[in-house]
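Sequence and predicted structure, then a few things I'm wondering about:
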There are 2 protein chains.
Amino acid sequence: MNIYFACSITGGRQDELVYQKLVAALQSDGHHVPTALLASPDVMPLEGVVSAEDVYARDVRWITDCDFLLAEVSTPSHGVGYEIGYALALGKRVLCLYRKGRKVSKMILGNPHPKLSVHNYEDPDQAVQLLTTYLQHITETEAG
Amino acid sequence: MNIYFACSITGGRQDELVYQKLVAALQSDGHHVPTALLASPDVMPLEGVVSAEDVYARDVRWITDCDFLLAEVSTPSHGVGYEIGYALALGKRVLCLYRKGRKVSKMILGNPHPKLSVHNYEDPDQAVQLLTTYLQHITETEAG
C-alpha cells in the first residue's frame, strides 16, 4: 500500500524514535511511504531548503494518492491536524496513534468519522503492534 | 458578524493574553464569538466536563454557522489545524495570526487557498490592529 505518514516537524521532535519505528515497520512490510524522510533526524535541515508552497503542494498530492494516512499525534501540530482533516474529507482511512498520557485534541478524540481510528500506546513496540493489527484488519476487510 | 475564534487549548496556553485581546476587540466591535470562552483562563476546567464527542459536534456546528474563522497559530495544535482545513473546505474565509519568530507549519504558510490570509505580529496590539484592518477590508469587499 501507499501510506502517508504524518508527524510533528516544526511543533517538536521529542517523539522521533516512535516515528522511525513506525516507518521502518511499514517499509519492512513492503509498503511505500512517500513521507518516510519526515521520521528522520535529517528532516529539519532538508525541509528548510524547500519553499512552503512546494511542501504544501507536495503533501497534498501525496495525501490524494495515498491508500491511508497514519498520524502520530503525541505532539501538537497544525500541519498534522490539517492533514487528518484533509484526508478524511477525501474519504481516506486515518489511524491516529499517541503515547498514553499525552493530551490529544477533542477534534481528534471526539471525531465520529467512520474512517478515523484513534489508539494510544505504552511504548514504541506497542505502537508498531497497533499499526500491524490495524493493517491486517483493513486488508482482511477489503479482501472480504 | 459571527466569528469562530480558534486557539490552542490542550497544546499549551502561553499565548492566552493575545487570545483575550483578539476576542475582546471582536466583542467590543459588536461581533458574536461563540468560542469566546476558549480565550479565557477558565477554559481548561470547563472543557474538562464536556465529552470529546460533544466538543467536536459543537465546534463543527459553530464553524458551519460562522462568517469567518480567526485562528491564533503561534502554538501548535491539532485541533486548530483541523479547524482551519474544515473551514476552508466549507469555503469560509480564514485569518491566521502568529507572533513573529514562531515556527508555523508549511501546511499553513504554503497553503495557496484564496480564502486564507496569514500574518505575523510583533505584540498583541499589532495583532488586534491586523485583525481590525482585515475586517474592514472584507466588509468593504463584500459591500462593494
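Good, I have the coordinates.

Tell me which helix or strand comes right after the least confident helix or strand in chain A by mean pLDDT.
In chain A, the helix or strand scored least confidently by mean pLDDT, DSSP states H and E is helix A:43-48, which has a mean of 71. For helix A:43-48, the following helix or strand on the C-terminal side (DSSP states H and E) is helix A:52-65.

Any buried residues in that next one, and which?
If you call a residue buried by 16 or more other Cβ atoms under 10 Å in any protein chain shown, then helix A:52-65 has these buried ones: A:A52, A:V55, A:Y56, A:D59, A:V60, A:W62, A:I63. For every residue, glycine as well, the C-beta is placed using N, CA and C.

Identify the residues contacting that helix?
By Cβ atoms under 8 Å, 6 or more residues apart in numbering or on different chains, the residues outside helix A:52-65 that reach it are A:2, A:4, A:34-35, A:47, A:50, A:69, A:79, A:83, A:86-87, A:90, A:92, B:106-107, B:109-112.

tell me the average confidence for it?
Per-residue pLDDT over helix A:52-65 has a mean of 95.

so how far is that helix off the chain centroid?
In this view, helix A:52-65 has its centroid 14 Å away from the chain centroid, taken as Cα atoms, centre = their mean, to the nearest Å.

Please apply the same query to stretch A:25-44.
How far stretch A:25-44 lies from its chain's middle: 10 Å, per Cα atoms, centre = their mean.

how far does that stretch stretch from start to finish?
Terminal residues of stretch A:25-44 are spaced 22 Å apart (Cα to Cα, to the nearest Å).

The longest helix seen in chain A: which residues count as buried?
For chain A, the helix with the greatest residue count under DSSP state H is helix A:124-143. Counting neighbours by 16+ other Cβ under 10 Å, one finds that the buried residues in helix A:124-143 are A:P124, A:Q126, A:A127, A:V128, A:L130, A:L131, A:Y134, A:L135.

tell me which parts of chain A are close to chain B?
A:8-12, A:47, A:51-57, A:59, A:73, A:75-86, A:89, A:103-112 (Cβ under 8 Å from any Cβ of the partner chain).

Many thanks, have a good one.
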